[in-house]
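> Structure for the following, please:
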Amino acid sequence: MDSEKIAMNEREPVPASRGNFRNNEQPPTLITIVHECLKLADLQLQLFQMDIVEFWKRSQLALGLFSLGSALLLGSLPIALMAIAAWLKTTVGLSQEASLACTAAMGVIIAVTTLAWAVMRLQRAIEPLASNQEEFRANLQWMRHLLHQDESNDSTGP
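Here you go, the predicted structure:
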């Protein structure tokens with residue numbers, strides 16, 4: 001993780017939901033709230049950018065597999081399956097319909113297996129984005145709590 005420092009300020013982002021907002025017990029001012037919200041938005045953007053880079057690194061193989069599976073399915077596989085069907089017809093003595101059905105089933109199994117493998121790889125690649133979303137939710141809850149705290153202090157104040 002040391003090599004993946006944030007380019008903007010060369011430090012790891014600290015989620016606002018875990019940081020110390022204030023050291024005293026005074027209610028936050030509007031300027032303080034806006035300042036903290038802007039810092040939070042900046043941190044969320046930095047986290048998102050890092051997660052996108054990580055997603056791209058982790059998903060390249062899966063996207064390549066997905067492309068390969070699709071190209072095989074749309075290009076050479078139907079021709080190969082027709083050749084196998086013709087071989088089944090002459091060798092085993094199946095009817096043309098039965099041999100075509102057997103080879104179509106084989107093609108579907110190969111395609112589904114390849115695409116399922118690609119989907120599993122993509123699901124693993126997207127995990128950092130899901131953690132970023134959870135952190136964003138926690139930060140939104142922190143902001144709501146902060147804003148509701150400010151409203152309650154305003155209503156009980158002088």
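> switch to C-alpha atoms for all contacts and neighbour counts from now on
Noted.
> shaky segments in the protein?
The chain contains residues with pLDDT under 70 at 1-25, 147, 149-158.
> Centroid-nearest residue for it?
residue 126 (2.7 Å; Cα atoms, centre = their mean).
> Identify the residues contacting that one.
Residue 126 makes contact with 55, 59, according to Cα atoms under 8 Å, 6 or more residues apart in numbering.
> Relative to residue 54, how far out is it?
Going from residue 126 to residue 54 by Cα to Cα, to the nearest Å gives 9 Å.
> Please apply the same query to residue 74.
In terms of Cα to Cα, residue 74 sits 30 Å off from residue 54.
> Can you pick out the residue with more neighbours from the two?
residue 54 (17 against 12; other Cα atoms under 10 Å).
> any idea which helix or strand comes after the longest helix along the chain?
If you go by DSSP state H, the chain has its longest helix at helix 30-74. From helix 30-74 onward toward the C-terminus, using DSSP states H and E, the following helix or strand is helix 76-91.
> Tell me the secondary structure of the residue lying farthest from the centre of the chain, please.
Distance from the C-alpha centroid of the chain peaks at residue 93, with 49.8 Å (Cα atoms, centre = their mean). Applying DSSP: H, G, I helix; E, B strand; the rest coil to residue 93 yields a three-state assignment of coil.
> how far away is it from residue 105?
Separation of residue 93 from residue 105 (Cα to Cα): 18 Å.
> do the same with residue 48
Relative to residue 105, residue 48 is positioned 42 Å away (Cα to Cα).
> Look at residue 26 and give its secondary structure.
Relying on three-state DSSP, one would call residue 26 coil.
> what about it, how many neighbours?
9.
> and if you look at residue 138?
Neighbour number of residue 138 under other Cα under 10 Å is 16.
> three-state assignment of it?
Strictly by three-state DSSP, residue 138 counts as helix.
> any idea how far it is from residue 131?
From residue 138 over to residue 131 (counting by Cα to Cα), the distance is 11 Å.
> now swap in residue 104 and tell me
Residue 104 is 41 Å from residue 131, by Cα to Cα.
> Kindly report the same for residue 68.
According to Cα to Cα, residue 68 stands 29 Å off from residue 131.
> Which one of residue 48 and residue 105 is surrounded by more residues?
Counted by other Cα under 10 Å, residue 48 and residue 105 do not tie: residue 48 has more neighbours, with 18 against 13.
> The more buried one: what's it in contact with?
Contacts of residue 48 (Cα under 8 Å, 6+ apart): 129, 132.
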